[in-house]
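Got a sequence here, can you build the structure:
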Amino acid sequence: MKNTGGNVEIIAQAENEALEEFIRRLIGLFNIKSFNQEITENKSYSQFKIIHSTNDNDIPFITPDLATCPNCERELKDENNRRYNHPFISCINCGARYTIINTLPYDRENITMSVFPLCDECQKEYTTPQDIRCHAQTIACNDCGPATSITINEAVQTLKSGEILAIKDIGGYHLSCLCETECATKLREIKGRETKPFAVMFKDIDEIAEYCEISDKERELLLSPARPIVLLKAKKEFPVGVCDGSDFIGAFLPCNPIQILILDKVSPLIMTSANLSGEPIIIDDEEIKKFGMKILSHNREILTPLDDSVVQINAGEVQFIRRARGYVPLAIDVGTKAKSDILALGGDIKSSFAIMHGNYIYPSQYFGDLEDAKCFEAYKNNIDRFCRLHSFTPEKTVCDMHPLYYSSTVAKADYKHQHHLAHAYSVIAEHRLKGDVLSFVFDGTGYGTDGAIWGSEVFFNRERVEHLEYTKMLASDEVSKNADICLACYDGSNPLVKSAIEHNINTVNSSSMGRLFDAVASVLDICHYNTYEGECAIALERTARKATKAFELTPTLSPKAIIEEIKNANAPKEEIALGFHHMLAKLILNISKKHNANQVTLSGGCFNNRILTERTFELLKQNNIKVYINNKVPSGDQGICLGQAYLTALDEQKEV
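Here you go, the predicted model:
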């Protein structure tokens with residue numbers, strides 16, 4: 001057996017039936033994407049042997065970083081085990097992978113563990129075929145592995161004293177503190193984060209159950225090797241400043257030994273990426289010192305920034321909010337082969353790129369917004385790293401149509417695809433849909449083919465067939481933040497805004513659904529400013545969840561008519577807010593019937609909204625219409641690189 005790039009080559013000798021059983025068992029034990037088998041020359045083998053790796057220059061499947069497995073966790077806590085309290089315990093089934101690989105094949109000398117020579121006992125385990133750590137490239141122990149800068153007990157005492165601690169983990173530093181108002185306030189000041197809820201790490205699933213409702217699907221996600229943050233319905237509130245009154249708690253479990261050892265002694269904890277808001281997670285040991293707090297660091301190098309993944313269950317489906325640690329760089333089989341090797345550059349907001357080889361698309365991790373110089377630098381550096389690790393040389397490049405996107409400047413594009421069409425085809429690609437598809441894409445902004453700002457698009461296959469009526473809006477970033485200004489664009493309630501629009505001073509046509517959500521939040525006096533993306537829409541959904549019935553609104557594509565009807569509605573704001581969500585779901589149903597659709601997709605950030613998505617699923621299914629959302633990439637902008645790559649592969653097939 002040997003590694004060949006990111007693949008494994010096995011030569012086995014047995015009778016035919018035994019070989020078939022061997023293959024069946026391999027497939028049952030491991031998540032094997034694909035395999036080939038062939039008959040080799042007849043030789044006699046007397047023992048199992050792992051031979052030196054080769055790099056066959058094929059596009060490999062690289063394993064993501066995996067949470068500490070149950071067996072390693074038992075050893076970690078066993079006082080009689082030689083790896084008791086070892087902060088870097090791992091085996092062939094768990095530990096850092098993607099974040100520590102310099103180059104393939106995945107061997108000790110090619111990862112950042114290469115600087116730690118194995119002690120005699122670890123060397124014996126590494127070379128013993130029956131051992132769980134045989135050729136486990138991250139193998140180490142307290143005598144020969146990486147070391148932390150302070151002890152776990154020092155870290156725990158820092159946290160218990162109410163201080164904030166910087167902790168170096170698998171994909172970067174986290175900032176952690178007690179779930180108390182004073183600690184949370186300090187942390188918000190440090191990060192420049194006004195009101196957005198913090199994620200909370202719990203020591204085990206039972207502790208999560210004290211604070212949150214957990215379904216079977218959510219439990220499975222929480223305990224999975226990816227260990228994502230899972231948005232759960234709150235049933236017990238944290239002090240002010242932790243989750244800021246949100247209906248949901250971003251809950252997750254420890255994913256590495258350092259976190260396990262800390263959380264065993266102090267829990268639950270706020271655990272958030274160590275960065276200033278808008279910047280990438282910090283991986284540099286010197287840069288973290290600028291925060292001026294106590295640091296638990298270690299001397300194993302991290303090669304790429306990697307945030308925690310964030311998921312939720314929406315309408316019974318797994319839905320990514322952010323795809324990163326635990327999932328990247330897993331490939332997605334879209335069932336359609338690309339003629340060329342394709343690099344898809346994604347967009348600028350919630351940026352992510354992807355490569356496509358054959359019928360597999362490999363999306364990168366989340367990088368943030370590229371208008372931030374550090375995010376843009378991380379994005380560019382990781383395109384180079386990602387391609388190098390995958391032995392990938394782009395033959396075709398695709399980007400968004402927006403003329404001013406930073407992502408579009410990275411390489412000369414052979415193709416440009418409209419933002420919302422890429423959203424639509426990301427769902428089509430994931431589910432390998434064939435035949436006619438009606439796609440709904442609701443979000444905040446995207447550059448349209450006519451130069452307008454799109455955001456409520458309906459496509460029949462590739463044809464744009466419906467959208468909210470255009471509204472003249474101020475061409476300013478402040479419109480996407482200030483919901484009162486946004487409302488004035490619809491109803492003229494601000495004289496200055498009204499005058500600017502009437503005189504076409506710095507205006508643009510917009511069909512944005514995100515801005516309509518903001519305006520409704522404003523007119524109902526629920527939320528007036530987005531201190532973080534989607535805050536007004538989240539507040540509107542939270543208000544709607546309090547209603548026992550929905551005020552009936554007329555389904556229409558006229559935003560001004562919607563705002564006017566809401567103004568004149570004689571009902572509590574909770575019922576109107578719920579009615580707005582239900583109206584949009586009914587509008588989707590009506591449009592679906594109009595176009596005789598039997599396959600409907602939903603994408604774009606607005607469909608992270610559970611009320612809207614669940615109600616839409618309910619209505620469409622009642623009318624025997626199949627409905628799909630993104631399950632493997634986010635519905636938001638991080639997912640458009642998948643749609644871009646898939647659209648390019650389809651276009652190449654049409655070319656003569």
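
now the strands for the stretch 1-150 of the chain?
Secondary structure of the stretch 1-150 of the chain (DSSP state E, counting those that start in this stretch): strands at 2-4, 7-9.

Repeat that for the stretch 301-450 of the chain.
310-314, 317-322, 332-333, 342-344, 354-357, 360-363, 396-400, 415-417, 438-442.

and the longest one, what's its mean pLDDT?
Which is strand 317-322. The average pLDDT for strand 317-322 rounds to 98.

helices or strands up against it?
If you count contacts as 3 or more C-beta pairs under 8 Å, 6 or more residues apart in numbering; DSSP states H and E, strand 317-322 packs onto strand 310-314. Heads up, the C-betas are built off the backbone N, CA and C, glycines and all.

circling back to that earlier point, so for Thr613, which of the strands of the stretch 301-450 of the chain sits nearest?
For Thr613, the closest of the strands of the stretch 301-450 of the chain is strand 310-314, at 5.1 Å, according to C-beta to C-beta.

And the biggest helix by length in the chain, how far out from the chain middle?
For the chain, the longest helix by residue count, based on DSSP state H, is helix 573-594. Its chain's C-alpha centre and that of helix 573-594 lie 28 Å apart, by C-alpha atoms, centre = their mean, to the nearest Å.

Compare the strands of the stretch 301-450 of the chain and give me the one nearest Ile428.
Using C-beta to C-beta, the nearest of the strands of the stretch 301-450 of the chain to Ile428 is strand 438-442, at 7.3 Å.

Just the CA coordinates for the closest one, please, in PDB.
Taking C-alpha atoms only, strand 438-442 is exported to PDB below (Å, rounded to 0.1, in the frame of the first residue of the first chain):
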ATOM      1  CA  LEU A 438     -37.300  27.400 -11.900                       C
ATOM      2  CA  SER A 439     -34.800  29.100  -9.600                       C
ATOM      3  CA  PHE A 440     -35.500  31.800  -7.000                       C
ATOM      4  CA  VAL A 441     -32.500  33.800  -5.800                       C
ATOM      5  CA  PHE A 442     -33.300  36.300  -3.000                       C
END
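
okay, the strands of the stretch 301-450 of the chain in a markdown table with distance to Val427 and mean neighbour count next?
Formatted as a markdown table, the strands of the stretch 301-450 of the chain follow (distance: least, C-beta to C-beta, whole Å; neighbours: other C-beta atoms under 10 Å):
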| stretch | distance to Val427 | mean neighbour count |
| --- | --- | --- |
| strand 310-314 | 13 | 22 |
| strand 317-322 | 11 | 20 |
| strand 332-333 | 12 | 18 |
| strand 342-344 | 15 | 29 |
| strand 354-357 | 15 | 27 |
| strand 360-363 | 13 | 26 |
| strand 396-400 | 17 | 24 |
| strand 415-417 | 14 | 19 |
| strand 438-442 | 7 | 29 |
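
and of those, who's closest to Gly278?
strand 317-322 (14.3 Å).

SS state for Gly174?
Gly isn't right for residue 174; it's His. Using DSSP: H, G, I helix; E, B strand; the rest coil as the criterion, the local structure at His174 reads strand.

could you say what helices and strands the longest helix of the chain packs with?
Using 3+ C-beta pairs under 8 Å, 6+ apart, helix 573-594 sits against strand 438-442, helix 535-544, helix 559-568, strand 599-603, helix 610-622.

element containing Gln644, please.
If you go by DSSP states H and E, Gln644 is part of helix 640-654.

which residues touch that helix?
With contacts defined as C-beta atoms under 8 Å, 6 or more residues apart in numbering, helix 640-654 is touched by 332, 334, 336-340, 342, 344-347, 352-356, 361, 363-364, 396, 398-400, 414-415, 417, 419, 421-430, 632-633.
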